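Asks: Model the structure of this input:
(one chain, ligands or ions: 1)
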Amino acid sequence: MIEERKGWFFISTRHSSYIMRISPTGHIEHIHYGGYIPSSAEGIGQIQGPDDIRLGDGTYYDEDHQHTFLSRMLQEYSVPGKGDTRESALIAEYRNGLITLDFIYHSHRIYSGKDYAILPQVSGDGADTLELTLRDTVLPVYLVLRYTSYEEEDVILRSAEIWNEMDDEVLLRTVSSMMLDLPDSEWDLMTFDGAWARERNEYRRPLAPGVVYVDSKLGFSSCEHNSLVFLLRPDADDSHGEAIAINQIYSGNHQERVEVSPFGLVRVIASINPFGFGWKLGKGESFRSPEAVLSYSCSGLDKLSASLHRFAERYIVRSQYGQMDRPIAINNWEATYFDFTEEKIMKLAATAASVGIELFVLDDGWFGRRTNDTRGLGDWTVNRSKLPEGLSGYADKIHSLGMKAGIWVEPEMVSMDSELYEKHPEWMIAIPGRRPSAGRHQYILDLSRADVIEYLFQSMSSVFSSGIDYVKWDANRNMSDYFTSSPDARFQGELFHRYIQGLYSLLDRLTSAFPDILFEFCSSGGNRYDLGALAFSPQGWVSDDTDAMERMRIQNGTLRGYPLSSMSNHVTASPNHQNLRRTGLEDRFGVACFGVLGYELDLNKLSDEELSVIKNQIAFYKAHRHTFQHGTFHHLPSSDGALFWAVESSDEMIILEYQERNGVNTGRHRRLRIPFADRDTVYSIERRGKHVFREDLGDLWKDYESVLHEPFSIRVSGAVLAEAGIALPPLFMGRGFEPATRVLMDNGADLYVVRKT
Ligand code: GLA
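Replies: Purely as a prediction, here's the structure:
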C-alpha cells in the first residue's frame, strides 16, 4: 500500500515500511526503511527530530535555512553542489562542466500497477506505484523517482528518470537506479564475488568510514562482483536479525557504492557504472535508469532470499516459466567437447532417453567453420559434415527419442576466421588503428548497431525455427577496445549501455517470436548471472565448475539472491574437468539437484551399474522436482562438520547433508535440527537410499556387504526437531560396519525426505 499524508509518503509491504517526507526546503527526505510502522503511528515526527544541530564547518543550505545541512540529511537521490559531499546518485554536466543541481518536490502520483516501460519489463500486476517528480530550483531539468511496491514479497522496485527541458545539452555521467540513506552504520556488508569457475562466493565485512565500491567494468554484469549486495546487522544470520537486499535488474557494467559518512550515516547507491559512461540529453529528451530491487527482512537472510526468489519467479521471469517445472537435460559439452558427429550425439541421446533424461542440449561446434574455439563464431548456418540433415534433422531425431531438442548459440560474438567477419569487419567492437585485444580467440559484435541486431534477429530466428525447444545463450569474453562505429552513435560513452539495450531489444523480440523456447543464459559459466538475464531466460548456467565442493559455495552465494529454478546444475564426470577432484556419483547428484538438474558427461562410458544409479536419481528427482526447483530454501544449523540445506514445498521438505571431509572417531552422532519445524506436527523422515560402489570401499567391501543395511525411516515430533534435533545414523569411521552405518565420503552428500504425517 502507498499513502501520502501531509507531505509524508508511506510505502508499506507486509513486513516493511519505507517512509519519506518533503522537507521544509522541498527536498525529499528519507525517514525510515525497516520494520513496519503504520502511517498513523503517534510520534512518527520524532524519528528524525527537528533540524536543530549545527555543524562546525558544514555548508548550510542558504541563509534562510541555517540548520539545513544536506550533508547530514537522509535523502532519496542526492546531487552535488549544495553541501552534500557524500557520493552522488546523479552527476549531470551542463554548460561546459557545471555539475551543481538542486532538485525539490514538484508533484507526485500514486496509482495501481506500473505504467512505465523499462527493458527488461518487470510485471506490475497487483503492485502500487508512487511517482515523485522533482525539479531543479533554477533550470527546467526534472527528476522522476519511481517506487513500485510488492506487498506480499516485501519488495520495492525503484528507478529514476532524468529529463532535460533546457536548450542546452546535458551530459549524464552518473545515473543511479536507487539511493538509500540509513541513519546508523551498525551494519555488515555482504557481497558475492569471484572469478571464472568460482563465481558468487559470499564475503561479509563490517562497515567502516569511507566508500566501498562493488562493480563490473567487464561490459557484462560479471562473475567478479555480482550486483547483489546485502546490509545486515552484525548479529543477523540465516534465521535472525535485520537485513536489506539491493540488486539491479541490469546485465551491463553496474556499480554499488556503500558509504559511511563522517556522521556515521550510511548511503547505498546502485547505478550503471560511471566507468566509461556518458549519455547526452538534448532538449526534451529523458533517460531512464535500470530498475533496482530493494527488500527488507526482520528475520534473517533466508527470509530475505525467499522474498527475492518469490519476486523473481512472479514478476521478473516471463510468466509462463515462473512456476514451470524444467526438464532434466543432458549436455554434450563435457562429454565430447568439439569432437562429435551426429552418430555420436545420437548414441548419447539414446542412452540419456533410456535413463529418463528429457532434453538433449547440443553445445558448441555445430555450425559454420567451428571445429575449435579459434573460428566460426558469427556464422549461424549448420555444418553439414556434423549434422548432415541440418538442424531440423537433428531436432526430429531427438524428438523421436521422446526428448526435447536444445541448441547452444553465442550470438554476440564473432571470430576473425568467419564469413561474418570477412563481410562485416566494422560490426566488431574495435578501435580503428589499434590491434584489438582478444578473449578465447574471439571478439564482440557491436550490439549498439541496429544492423547487427537485425542480422542476429534473422539468423537466430532461422536457427530457432528448426524444431528447437531450448536455447543456451552464451557469451564467452569480456569487453575491451571500447568503440562503436555505429552510424547512429552520438557519443562513445554511450556504447556500454547501448550494447545492453541492444541485447535486451534482441532478446525481447526473440522471446516474443519464440515464446515456447526455454532459454538458459550462460557466459563462461556464470559471468552474467543477473536479474536482467533472468527476465528473458528463466534459468542460467551457474558455473563451469561442477565439482560438488565448489558448487556448495557457488550455489550458496547464488541462492542468496536468485531462485532455485534459475540454477542449472549438472552432474559431470569424475575426476572433475575443472579441478580433477574425485567425487562419488551419488554425491555429485545430491548437490546438483538443488535447482534444475542436468547431466553433462559421456553416459556411454559408464557401467550398467552407474547407469542404473542415474536412472534411480532421475526417478527420485522427478518425484520431488517441483520442490527442488520452486520450493523455499533454508539453511539449517550445521553439525559436526556438515552443512545442512533444506528446500520446502507445501507437502514435503528435502534436506541435504553435505560434508567436505569425512571425520574419524568423532565419538558422536551428527544432528539434524529444523528450527522452524511445526511443534504440533509429527514428521516422517526418510533417508534416500544411496548406492555404494564396490570400488569406493576397496578391501572393506566384504565387511560392508555382509551387514544388513537398515533403512533410516523415523517419525518425530516437530517439537523435538525444532528444539533438540535428532541424531543421524552413524558414519563409517574406522571401526567396521554395523547395520545402521552410513558410508559418506569426502565431498559427500546425503538426502532426506521429510513429510508431515
Ligand atoms: C562456455 C560455457 C560452457 C560451454 C562452452 C562452449 O565456456 O560456459 O558451458 O558451453 O562455452 O564453448
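Asks: Just the mean pLDDT for the host helix or strand of residue 721, thanks.
Replies: Per DSSP states H and E, residue 721 falls inside helix 718-723. In this model, helix 718-723 carries a mean pLDDT of 98.
Asks: Tell me the buried residues in that helix?
Replies: Using 16 or more other C-beta atoms under 10 Å as the test for burial, helix 718-723 gives 718, 720, 721. (Each C-beta comes from the backbone N, C-alpha and C, glycine too.)
Asks: same thing with stretch 642-658?
Replies: 642-648, 652-658.
Asks: Looking at those, spot the one nearest residue 452.
Replies: Closest approach to residue 452 among those (C-beta to C-beta): residue 647, at 41.5 Å.
Asks: What separation do you get for the closest one and residue 721?
Replies: To residue 721, residue 647 is 16 Å away according to C-beta to C-beta, to the nearest Å.
Asks: Just to be sure, residue 471 is in a helix?
Replies: No: secondary structure of residue 471 (DSSP: H, G, I helix; E, B strand; the rest coil): strand, not part of a helix.
Asks: Touching, residue 312 and residue 531? I think so.
Replies: Yes: using C-beta atoms under 8 Å, residue 312 makes contact with residue 531 at a distance of 6.5 Å.
Asks: Quickly list what's touching both of these two.
Replies: Counting by C-beta atoms under 8 Å, 6 or more residues apart in numbering, the shared contacts of residue 312 and residue 531 are residue 562.
Asks: so which residue of the chain comes closest to the ligand?
Replies: Per C-beta to the nearest ligand atom, residue 364 is where the chain lies closest to the ligand, at 3.5 Å.
Asks: my guess is that residue meets residue 340, correct?
Replies: No: the pair residue 364 and residue 340 fails to qualify as a contact (C-beta under 8 Å) at a distance of 10.0 Å.
Asks: Next to the ligand, which bits of the protein? Give me the list.
Replies: Contact residues (C-beta under 6 Å from any ligand atom) of the chain with the ligand: 333, 363, 364, 408, 474, 476, 522, 524, 525, 541, 544.
Asks: Select only the buried ones of those residues in ChimeraX?
Replies: Only the buried members of the residues of the chain next to the ligand enter the following ChimeraX selection, criterion being 16+ other C-beta under 10 Å:
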select :333,363,364,408,474,476,522,524,525,541,544
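Asks: circling back to that earlier point, excluding its own residues, what touches the helix holding residue 721? List them.
Replies: Counting by C-beta under 8 Å, 6+ apart, 672-683, 726 sit against helix 718-723.
Asks: Which two among those are spaced furthest apart?
Replies: Spanning the widest gap among these are 672 and 680, at 19.5 Å by C-beta to C-beta.
Asks: hang on, the earlier thing: pLDDT and secondary structure for the residues of the chain next to the ligand - can I get that in TSV?
Replies: As requested, those are exported to TSV (pLDDT from 0 to 100; DSSP: H, G, I helix; E, B strand; the rest coil):
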residue	pLDDT	secondary structure
333	98	helix
363	98	coil
364	98	coil
408	98	strand
474	98	coil
476	98	coil
522	98	coil
524	98	coil
525	97	coil
541	98	strand
544	98	coil
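Asks: Any chance of the residues of the chain next to the ligand in a markdown table with distance to residue 128 as columns?
Replies: Converted to a markdown table, the residues of the chain next to the ligand look like this (distance: C-beta to C-beta, whole Å):
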| residue | distance to residue 128 |
| --- | --- |
| 333 | 45 |
| 363 | 44 |
| 364 | 46 |
| 408 | 41 |
| 474 | 38 |
| 476 | 41 |
| 522 | 36 |
| 524 | 40 |
| 525 | 38 |
| 541 | 36 |
| 544 | 42 |
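Asks: Sheet partners, orientation included, of the top strand by length along the chain?
Replies: Scanning the chain for the strand with the most residues, using DSSP state E, yields strand 170-182. Partners of strand 170-182 in the sheet, by DSSP bridges, are strand 90-94 (antiparallel), strand 266-272 (antiparallel), strand 279-281 (antiparallel).
Asks: Single out the most deeply packed of those.
Replies: Ranked by mean neighbour count, those are led by strand 266-272 with a mean of 26 (mean count of other C-beta atoms under 10 Å).
Asks: Contacts made by that one with the rest, please.
Replies: Applying C-beta under 8 Å, 6+ apart, the contact partners of strand 266-272 are 78, 86-87, 89, 174-185, 187, 207, 227, 229, 231, 246-248, 250, 252-261, 289-290, 292, 496-497.
Asks: For PyMOL, what selects the buried ones among the residues you listed?
Replies: To isolate the buried ones among the contacts of strand 266-272 in PyMOL, judged by 16+ other C-beta under 10 Å, type:
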select buried, resi 78+86+87+89+174+175+176+177+178+179+180+181+182+183+185+187+207+227+229+231+246+247+248+250+252+253+254+255+256+257+258+259+260+261+289+290+292+496+497
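Asks: Which of the contacts of strand 266-272 fall in helices?
Replies: Among those, the ones falling in helices (DSSP state H) are 496, 497.
Asks: among the contacts of strand 266-272, which are in strands?
Replies: Under the assignment DSSP E, the contacts of strand 266-272 contribute 174-182, 227, 229, 231, 246-248, 254-260, 292 to strands.
Asks: looking at it, residue 189 is touching residue 207, isn't it?
Replies: Yes: the pair residue 189 / residue 207 is scored as a contact, 5.8 Å apart, by C-beta under 8 Å.
Asks: residues shared between the contacts of the two?
Replies: Common contact partners of residue 189 and residue 207 (C-beta under 8 Å, 6+ apart): 231, 258.
Asks: how's this structure carved up into domains?
Replies: Annotated domains of the chain cover 2-312, 329-628, 633-756 [automatic domain parsing].
Asks: Quick one: closest of the ones you listed to residue 318.
Replies: domain 329-628 (6.6 Å).
Asks: now do the same end-to-end measure for that closest one.
Replies: End-to-end span of domain 329-628 (C-alpha to C-alpha, to the nearest Å): 15 Å.
Asks: what about the helices in the stretch 201-350 of the chain?
Replies: 301-311, 333-336, 342-355 (DSSP state H, counting those that start in this stretch).
Asks: then the last one to PDB, C-alphas only?
Replies: When you say that, I think you mean helix 342-355. What follows is helix 342-355, C-alpha atoms only, in PDB (Å, rounded to 0.1, in the frame of the first residue of the first chain):
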ATOM      1  CA  GLU A 342      25.700 -36.900 -35.400                       C
ATOM      2  CA  GLU A 343      26.100 -40.600 -34.800                       C
ATOM      3  CA  LYS A 344      28.000 -39.900 -31.500                       C
ATOM      4  CA  ILE A 345      25.500 -37.500 -30.200                       C
ATOM      5  CA  MET A 346      22.500 -39.600 -31.100                       C
ATOM      6  CA  LYS A 347      24.100 -42.500 -29.200                       C
ATOM      7  CA  LEU A 348      24.500 -40.200 -26.200                       C
ATOM      8  CA  ALA A 349      20.900 -39.000 -26.600                       C
ATOM      9  CA  ALA A 350      19.500 -42.600 -26.800                       C
ATOM     10  CA  THR A 351      21.300 -43.600 -23.600                       C
ATOM     11  CA  ALA A 352      20.100 -40.400 -22.000                       C
ATOM     12  CA  ALA A 353      16.500 -41.100 -23.000                       C
ATOM     13  CA  SER A 354      16.800 -44.600 -21.600                       C
ATOM     14  CA  VAL A 355      17.500 -43.400 -18.100                       C
END
